[in-house]
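[1] Show me the folded form of this:
(chains A, B, C and D)
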Protein chains: 2
Amino acid sequence: MASQAVPGAEPRTPLSRERVLRAAISVADSGGIESLTMRRLAEHLGAEAMSLYYHVANKEDVLDGVVDVIATEINEVVDRIDVPAEGADWKKAVRQRILSAREVLLRHAWAPGVFETRTNTSLAVLRYYDALLGLMRAGGFSNDLAHHALHALGSRALGFTQELFDPNSGAGATDQAADLAEMAGQFPNLVGMLAEIAHDDPDSTLGWCDDQSEFEFGLDLILDGLDRIRERA
Amino acid sequence: MASQAVPGAEPRTPLSRERVLRAAISVADSGGIESLTMRRLAEHLGAEAMSLYYHVANKEDVLDGVVDVIATEINEVVDRIDVPAEGADWKKAVRQRILSAREVLLRHAWAPGVFETRTNTSLAVLRYYDALLGLMRAGGFSNDLAHHALHALGSRALGFTQELFDPNSGAGATDQAADLAEMAGQFPNLVGMLAEIAHDDPDSTLGWCDDQSEFEFGLDLILDGLDRIRERA
DNA sequence: ACCTGAACACCGTTCAAGT
DNA sequence: ACCTGAACACCGTTCAAGT
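    Numbers count the residues shown, from 1 in each chain, chains lettered A, B, ... in the order given. This next block holds a predicted model:
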């Protein structure tokens, strides 16, 4: 009962901003972003919700911090890449960085949504963009073209695209067929496309999926377009 | 006090799913999406929060419905467009539809974020995509290329891109200069670019803005890339 | 058929108080 | 310096009850 040396009680490492943010990521990793509440986060750390406020300003601050930690992780991975970026090689270098960033985000599938809601900019994200910009400059981009390029890439620069809809979500393969038949009248082009895609690639999950190859298709479309403009200049 | 014919009381039009959804849009339009709560929505309609549940299943259902109403509005605008889409004209037709969709969304700046959180697909959104697909098919796209194209466009197909960061947010023009100087060491490429962009275009808000011209640059980059693939096939 | 009052289980956050 | 208990103002949602 005394305040010190309770026998058998673990000494419990003290809280810190760092520990709070890492715990937040682990809570979201295992239960999704909607499971991340201040109370649950505290519980995860063996503390009371109110204790968190000594180390972070509020929940927004937690989310800002989480983005910064993940962006730092991306920078660590991406800083190890060492490929030439001069001239025409800019594209390979940028492409590899972006795909590496994507790999980190694939381990935190909830993170893209949080990235998009931030209004305060993470310094780590700025550092990521700065390096990307450096590669483009080395490849001969003007500042103006590099500026357009960042806008054109958007979230793809960080390795993700938000899916806008998924005709397959929540429906099993058998419901699927019925749904398609029912919708054929209303959405002839969509149904026709999905039928053919499925036919061409029977191994993939039916039709719609934001997989690696779709991401790379879109990415290369943009990078190739930028490269063409670069060469013309 | 009696239940009928209270003198001077407006007869109050009854609630309906339609009215609830329209009110939800107007609440979000005027106070932002975070101001949209079931209680406030009810208040806006002169009813109690609990009454809403007779007309909608829950808040998710409200958000699904709101997306459907806005997508319906987009379809109404876009259906009035009548330009040829055969062969090489596909691009002009698709471009015009997408820019028209964007105009609708610009009137509901909070809507893109809601679109992205939906997992249930709105039928109106499906109808929009189906029409877009139809234009591409008329332009000579294979189903496979059209499928890639929709993925590559992502949310751009509906007229928006989510900004990932905004170095200017929350800082006035004077703070701005100080911030830039301070960051110059850490982010040389970013600072150099922003300085030059600002110099080249002194009329625009300093540096970073997702304006119409940036949207169109990215859109055309993708459409041009798709057109090249189409011509090769 | 349509609406509501009371109530429940959750939030984020504050503040004064403990060690 | 660090943590917490009690409390507040807010959520979304249920259910039995009113007209």
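[2] list the contacts for the closest residue in space to A:E48 that isn't next to it in sequence?
    Distance criterion Cβ to Cβ, 6 or more residues apart in numbering or on different chains; nearest residue to A:E48, sequence neighbours excluded, is A:A42 at 5.6 Å. For glycine as for every other residue, the C-beta is placed from the backbone atoms N, C-alpha and C. By Cβ atoms under 8 Å, 6 or more residues apart in numbering or on different chains, A:A42 lies in contact with A:48-52.
[3] Specify the local secondary structure of A:A42.
    Of the three states, A:A42 takes helix under DSSP: H, G, I helix; E, B strand; the rest coil.
[4] Distance of A:G113 relative to B:L219?
    23 Å (Cβ to Cβ, to the nearest Å).
[5] More neighbours: the two, which one.
    Comparing A:G113 with B:L219 by other Cβ atoms under 10 Å in any protein chain shown, the one with more neighbours is B:L219, at 21 against 15.
[6] thought the more buried one was touching B:R95?
    Yes - between B:L219 and B:R95 there is a contact under Cβ atoms under 8 Å: 6.8 Å.
[7] returning to what we had before: report the separation between the residue nearest to A:E48 and DNA strand D.
    From A:A42 across to DNA strand D, the span is 7 Å (Cβ to the nearest atom of the strand, to the nearest Å).
[8] Worst mean pLDDT across the helices and strands of chain A, which element?
    Least confident helix or strand, chain A: helix A:173-183 with a mean of 60, by mean pLDDT, DSSP states H and E.
[9] tell me the domain boundaries of chain A?
    Dividing chain A into domains by automatic domain parsing, as the record does, gives the ranges A:14-56, A:67-164+A:212-233.
[10] Out of the contacts of A:A42, give me the one that has the most neighbours.
    That'd be A:L52 among these, by other Cβ under 10 Å, with 24 neighbours.
[11] wait, doesn't that one sit right on A:L15?
    Yes - the pair A:L52 / A:L15 is scored as a contact, 7.4 Å apart, by Cβ under 8 Å.
[12] Do a quick rundown of the helices in chain A.
    Using DSSP state H, the helices of chain A run over A:17-31, A:38-44, A:49-52, A:59-79, A:90-106, A:111-117, A:123-138, A:143-153, A:173-183, A:188-200, A:212-232.
[13] Tabulate the domains of chain A (a markdown table), appending mean pLDDT.
    Converted to a markdown table, those look like this (pLDDT from 0 to 100):
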| stretch | mean pLDDT |
| --- | --- |
| domain A:14-56 | 97 |
| domain A:67-164+A:212-233 | 95 |
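[14] As TSV, those domains with distance to B:G65 would be great.
    Shown next, in TSV, are the domains of chain A (distance: least, Cβ to Cβ, whole Å):
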stretch	distance to B:G65
domain A:14-56	20
domain A:67-164+A:212-233	17
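[15] do you know which of the ones you listed lies nearest B:M136?
    Minimum separation from B:M136 across the domains of chain A (Cβ to Cβ) falls at domain A:67-164+A:212-233, 14.3 Å.
[16] Would the closest one count as contacting DNA strand C?
    No - figure legend: domain A:67-164+A:212-233 not in contact with DNA strand C (Cβ under 7 Å from any atom of the strand); closest approach 13.2 Å.
[17] For that domain, measure first residue to last.
    Taking Cα to Cα, to the nearest Å, the first and last residues of domain A:67-164+A:212-233 lie 36 Å apart.
[18] ditto for stretch A:101-119
    End residues of stretch A:101-119 are separated by 21 Å (Cα to Cα).
[19] same thing with stretch A:28-47?
    Using Cα to Cα, first and last residues of stretch A:28-47 are 18 Å apart.
[20] Also stretch A:104-121?
    Start to finish, the residues bounding stretch A:104-121 are 19 Å apart (Cα to Cα).
[21] in that stretch, what's buried?
    By neighbour count with 16 or more other Cβ atoms under 10 Å in any protein chain shown, stretch A:104-121 contains the buried residues A:104-105, A:108, A:110-112, A:114-116, A:118, A:121.
[22] With stretch A:221-232 instead?
    A:221-223, A:225-227, A:229-230.
[23] out of those residues, who's nearest B:Y128?
    Of the buried residues of stretch A:221-232, the one sitting nearest to B:Y128 (Cβ to Cβ) turns out to be A:L221, at 21.4 Å.
[24] Please identify the nearest residue in space to the closest one, excluding sequence neighbours.
    B:G225 (4.1 Å).
[25] which residues touch that neighbour?
    A:221-222, A:224-225, B:152.
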